[in-house]
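Chemist: model this:
(one chain, ligands or ions: 1)
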Amino acid sequence: MARRESLFVRLAVCLGLLLPGGCGGAPTAKASAVTGDAPAVHYSFVVDSELRTLSATVCPRDLQLARLRMTVPELATRVRRPRILRATGDVPLEFEEDAVAIASMTDGACIGYDVDLGPPTEGFWITHGDAHVLAAPDVWLLAPEPRPAGTLFTASFTLPPGIRAALPWPEDPRGYRVPTSAFTMRSAGAFGQFEREMLRVGGAELDVVALGGGFGERTPLVTQWMQKSASALAQLHDGVPVPRLMALLLPYPGSEVGFGMALRGGGPTVMILVGSSVTKEALDEDWVGVHELFHLSAPRFLPGDAWLSEGLATYYTDILRARAGLMDERSAWDDLVDGFRRGSRRGTGRTLRQESIDMHATHAYQRVYWAGAALSLLADVELRKRGVEGGLDGPIRELGRCCAKSEEAWSAEEFAAFVDEKTGQAVVRPLFERYLDRAEFPDTAEVLAALGVKGAGQEMTLAADAPQAGVRSAMMAPRAGSTRP
Ligand SMILES: [Zn+2]
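Modeler: Numbers count the residues shown, from 1 in each chain. Reported below is the predicted structural model:
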């Protein structure tokens, strides 16, 4: 439990460091089908042999650009020599705060800029390693403005011999198609020599990239771990509800799985620190893989509603691991009960709503994550008691299908209304209303007793004669008749 707790804190702190205000950026207009006459913007990138400089050429077609904007303003200092490229000589452009203004561009001209990939910054924006650089597109992909609906964005790369790009973008005859979410949400990417394997899980492609020399003889174990984690998720959704995912694995000195994060910009990505001497036991016990993948199968939620996005992911991590046989039923309940115990002790006295908004300042992650997980449990059990087969599973599955890829952020209120409407039960909205503006941790004692979950740790027992023992075992049982799309 101590290991899990410490990793949990590190995970949350990391997310807090890197994603102030959540996934960032307001959604732009939805793209419609691209026609032959649609405006287009093509990026050509050249990375130097030392992986220290990236040179960009941005060429619009049938589109007058007004600006190129840094999606992360504090990274603007890395951009050098913005200019209009003309046969008669380049015309320098100026940065105005976080954007390059393009006032005098003529049709057909392209814009150039260079990005310093040299010195590392805090967090994971840029990190140099053995024959690679972890360089998030947020650092080097300037967002064109305006972006009329239907504009086609593409990119190509000229890389040094032996160097490849790892990006979540779909491939395209010109190299890559750049999804508009790459301009509005945080993302991950890397250039370098690396181990790479494309897995197929639940109808989706899982692009597993291991940086920094990879895992050597441990590679098959690491690959199996990613495959099992994604399969656990696929069981819930009858497949993985996004067509393609990138798993960017960052080896670090150690034998365990470290923290991870889920990113949506440019395509679903999980980025996870994995010990370069990771053991089979550590991989078998890991929960980070399932947790981060779950986030990407759910809609994006408003940053202030982190208690819900993290609560659902935390709850389903144990549920899905038990259903997939990655842990036994008793251990899953023990993990949940232990989490509720920790969460109930780690608050700052704020209401859950306020605790969630302030958690990056107060570090009350345990309280926020586990209060959300407790509410997920209460909702799931109540729905099942009322005869809703599969409880929360059905609505979560529908949400994955409709909205896992959407740039729109959901609110907790919208989620509650959706679940209550789909199930025909007034369960989730009243539950959230009861607890969201209270400082008390959600009361799970009565529900756990009815399920027959007694005691904790070594003393924990699951009573077969409890009133809701059938509900309890159904929650953790493999999903019957689960099929792949
Ligand atoms: Zn999470």
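Chemist: Least confident secondary structure element in the protein?
Modeler: Across the helices and strands of the chain, mean confidence by mean pLDDT, DSSP states H and E is lowest for helix 2-18: a mean of 36.
Chemist: Could you identify the helix or strand that succeeds it?
Modeler: Using DSSP states H and E, the helix or strand that follows helix 2-18 towards the C-terminus is strand 40-47.
Chemist: Give me the buried stretch members for that next one, please.
Modeler: Ala40, Val41, His42, Tyr43, Ser44, Phe45, Val47 (16 or more other C-beta atoms under 10 Å). C-betas here are computed from N, CA, C, even on glycine.
Chemist: now these in JSON lines, with pLDDT and distance to Leu283?
Modeler: Formatted as JSON lines, these follow (pLDDT from 0 to 100; distance: C-beta to C-beta, whole Å):
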{"residue": "Ala40", "pLDDT": "95", "distance to Leu283": "44"}
{"residue": "Val41", "pLDDT": "96", "distance to Leu283": "42"}
{"residue": "His42", "pLDDT": "97", "distance to Leu283": "41"}
{"residue": "Tyr43", "pLDDT": "98", "distance to Leu283": "37"}
{"residue": "Ser44", "pLDDT": "98", "distance to Leu283": "40"}
{"residue": "Phe45", "pLDDT": "98", "distance to Leu283": "35"}
{"residue": "Val47", "pLDDT": "97", "distance to Leu283": "33"}
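Chemist: export those to CSV and tack on distance to the ion?
Modeler: Formatted as CSV, those follow (distance: C-beta to the ion, whole Å):
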residue, distance to the ion
Ala40, 36
Val41, 33
His42, 35
Tyr43, 31
Ser44, 36
Phe45, 31
Val47, 32
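Chemist: and these, which two are the farthest apart?
Modeler: Ala40 and Val47 (22.9 Å; C-beta to C-beta).
Chemist: which bits of the stretch 251-400 of the chain sit near the ion?
Modeler: Residues of the stretch 251-400 of the chain lying close to the ion (C-beta under 5 Å from the ion) are Glu310, Ala313.
Chemist: pLDDT (mean, whole number) over stretch 389-409?
Modeler: Stretch 389-409 shows a mean pLDDT of 94.
Chemist: how about the CA coordinates for that stretch, as CSV?
Modeler: Only the C-alpha atoms of stretch 389-409 are listed here, as CSV (Å, rounded to 0.1, in the frame of the first residue of the first chain):
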residue,chain,number,x,y,z
GLU,A,389,-27.8,-4.2,-15.5
GLY,A,390,-24.1,-3.4,-15.4
GLY,A,391,-24.8,-0.3,-13.3
LEU,A,392,-22.5,2.5,-14.4
ASP,A,393,-20.9,0.4,-17.2
GLY,A,394,-23.6,1.1,-19.8
PRO,A,395,-23.5,4.9,-19.6
ILE,A,396,-19.7,4.9,-19.4
ARG,A,397,-19.6,2.7,-22.5
GLU,A,398,-21.9,5.0,-24.4
LEU,A,399,-19.8,8.0,-23.3
GLY,A,400,-16.7,6.4,-24.6
ARG,A,401,-18.3,5.8,-28.0
CYS,A,402,-19.7,9.3,-28.4
CYS,A,403,-17.3,11.5,-26.7
ALA,A,404,-13.8,10.0,-25.9
LYS,A,405,-12.4,11.8,-28.9
SER,A,406,-14.3,15.0,-28.6
GLU,A,407,-12.5,18.3,-27.8
GLU,A,408,-15.5,19.4,-25.8
ALA,A,409,-15.1,19.2,-22.0
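Chemist: List the contacts of Phe194.
Modeler: Taking C-beta atoms under 8 Å, 6 or more residues apart in numbering as the criterion, Phe194 is in contact with His132, Arg164, Ala166, Val209, Ala210, Leu211, Gly212, Gly214.
Chemist: can we see that at 7 Å?
Modeler: Phe194 sits next to His132, Arg164, Ala166, Val209, Ala210, Leu211, Gly214 when contact means C-beta atoms under 7 Å, 6 or more residues apart in numbering.
Chemist: any idea how far it is from Ala155?
Modeler: To Ala155, Phe194 is 19 Å away according to C-beta to C-beta, to the nearest Å.
Chemist: and stretch 283-302, which residues are buried?
Modeler: For stretch 283-302, by 16+ other C-beta under 10 Å, it's 283, 285-302.
Chemist: same check, this time on stretch 60-78
Modeler: Quick answer for stretch 60-78 (16+ other C-beta under 10 Å): Pro60, Leu63, Leu65, Arg67, Leu68, Arg69, Met70, Thr71, Val72, Leu75, Arg78.
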